[in-house]
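Q: Coordinates for the following, if possible.
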Amino acid sequence: MERHIAALGAAELLVLAFPTWWFGPPAIMKGWLDRVMAPGVAFDHGRDFGPIVPKLPGLKQVIAITTLGSPWWVDRLVLRRPVRRVLKTAVFGGCAPNARFTYLPFYQAETATDDRIARFETRIARAIDG
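A: Got it, this is the predicted structure:
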């Protein structure tokens with residue numbers, strides 16, 4: 001993990017690409033976040049259990065790209081976008097609060113058409129180009 005930690009400390013842009021399973025990241029992504037976005041690396045604990053202290057001031061932008069099997073309305077209206085909330089608010093809101101966060105969900109991935117995939121690829125390219 002040392003290589004990943006060093007790369008994160010030097011990064012200005014972080015792109016996370018993963019499937020969403022049961023409205024959460026898969027175990028491998030969660031494990032990576034737990035190891036790399038760790039105390040002493042991405043944040044320090046606040047005194048007397050106060051707010052955490054961010055340690056990723058160089059991170060300017062985070063883009064989370066994810067696929068979902070569900071339609072958009074289940075993620076947004078029923079579950080209130082749990083993956084977006086956790087990443088934006090809990091993880092990067094605490095560790096890199098000045099970084100711009102972009103969430104790019106690709107809904108109903110199992111039934112994607114070539115045209116919809118191409119439009120999504122365009123959205124990804126625009127987000128990366130800033």
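Q: and the top helix by length along the chain, what does it pack onto?
A: Counting residues, the longest helix found in the chain (DSSP state H) is helix 114-129. When contacts are defined as 3 or more CB pairs under 8 Å, 6 or more residues apart in numbering; DSSP states H and E, helix 114-129 sits against strand 61-67, strand 100-106. Any C-beta I mention is one placed from the backbone N, CA and C, and that applies to glycine too.
Q: Relative to G130, which of those is closest?
A: When the helices and strands packed on helix 114-129 are compared by CB to CB, strand 61-67 sits nearest G130, at 7.0 Å.
Q: So, low pLDDT: which residues of this protein?
A: Nowhere does the chain drop to pLDDT under 70.
Q: Tell me which stretches of it form helices.
A: For the chain, the helices identified by DSSP H occupy 2-10, 27-36, 72-73, 82-85, 92-95, 114-129, in order along the chain.
Q: Just say which of those helices is most tucked in.
A: Per residue and on average, the most neighbours among the helices of the chain fall to helix 92-95, with a mean of 20 (mean count of other CB atoms under 10 Å).
Q: can you give me how far it is from the chain middle?
A: Between the centre of helix 92-95 and the centre of its chain there are 11 Å (CA atoms, centre = their mean, to the nearest Å).
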